[in-house]
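**Q** heads up, no residue letters with this:
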């Protein structure tokens, strides 16, 4: 599609409305700090893309469903209504993982993108994200407890830095990294899923666009690394190294071998 045709598309969308003329339906379902912001920002304003739309409502609906206050049919109806209202071409949010099964079944023509980051740099960045933006919104605190605390034993002496900074035990984060990525890989059929390492978003940006069904000229390569965390403390380096590697081996090594074979220890990771 040429630039002229793209302007024509924008005019058509203005007249008929976004739901009637969407070019694609792409869900980025990656973990936070794995490229969701970059995937949203890398497309031009011509693309209907949003980062973490209606995040609080997604969390609330997930817990309503998980705690049996609503049934599957009610959640499915809300997801369809939300889709009509937002009419997005690119919905990039780690909260999509909470309702992944429903997104996959309700929108059989939708495509899914998993940007995956190595577990060392992801955990380090996740620590820093929480310390930089410590949300006290009750529903988000509840979600953090649900994701990180229930899979962990109390803090070990080797990871006291996490306890001192108000973070959960390391095992909770690593188990979450594996559980999320494995769920996406197991849930979405391979023909509907593209997996891209976070450190390869820029060189594979046009491939992402083509997979999604968007014109190559909508890609802005200068926006493929957005929202760099301003906190410089490398908390993961303050954990006992033997303890760290033992936990990585326990929770993450199979996926790390598959997607990051060159990263064998913390020293190999680019924090």
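**A** That came through, no problem. The model shown is predicted, which means the values in this text are computed figures rather than measured ones. Residues are numbered from 1 along each chain as shown.

**Q** From now on I want contacts and neighbour counts done on CA atoms only, so please keep to that.
**A** Will do.

**Q** quick one: average pLDDT of stretch 220-230?
**A** When pLDDT is averaged over stretch 220-230, the result is 71.

**Q** Kindly report the same for stretch 237-251.
**A** Mean predicted confidence for stretch 237-251 is 97.

**Q** next one: that stretch to chain centre, how far?
**A** Computed by Cα atoms, centre = their mean, to the nearest Å, the chain-centroid distance of stretch 237-251 equals 24 Å.

**Q** buried sites along it?
**A** The neighbour-count check on stretch 237-251 (16 or more other Cα atoms under 10 Å) flags 239, 244-245, 247-248, 251 as buried.

**Q** Mind checking which of those are in helices?
**A** In this view, the buried residues of stretch 237-251 that belong to helices under DSSP state H are 244-245, 247-248, 251.

**Q** Can you pull out the low-pLDDT segments for the stretch 1-150 of the chain?
**A** Along the stretch 1-150 of the chain, segments meeting pLDDT under 70 span 1-21, 133-136.

**Q** any chance you could map the strands in it?
**A** Applying DSSP state E, counting those that start in this stretch to the stretch 1-150 of the chain gives strands spanning 26-28, 49-51, 90-92, 111-116.

**Q** so which of those strands gets nearest residue 170?
**A** Of all these, strand 111-116 sits nearest to residue 170, with 18.7 Å by Cα to Cα.

**Q** Can you give me the pLDDT of residue 183?
**A** The model reports residue 183 with a pLDDT of 98.

**Q** Surely it forms part of a helix?
**A** Yes. Looking at residue 183 with DSSP: H, G, I helix; E, B strand; the rest coil, it is inside a helix.

**Q** For residue 117, state which of the ones in helices among the buried residues of stretch 237-251 is nearest.
**A** Distances from residue 117 to these, taken as Cα to Cα, are shortest for residue 248 (14.0 Å).

**Q** Let me know the distance separating the closest one from residue 173.
**A** Counting by Cα to Cα, to the nearest Å, the separation of residue 248 from residue 173 is 10 Å.

**Q** what's the answer for residue 140, then?
**A** Distance of residue 140 to residue 173, given as Cα to Cα: 16 Å.

**Q** what's the residue closest to the geometric middle of the chain?
**A** Residue closest to the mean C-alpha point of the chain, counted by Cα atoms, centre = their mean, is residue 30 at 2.4 Å.
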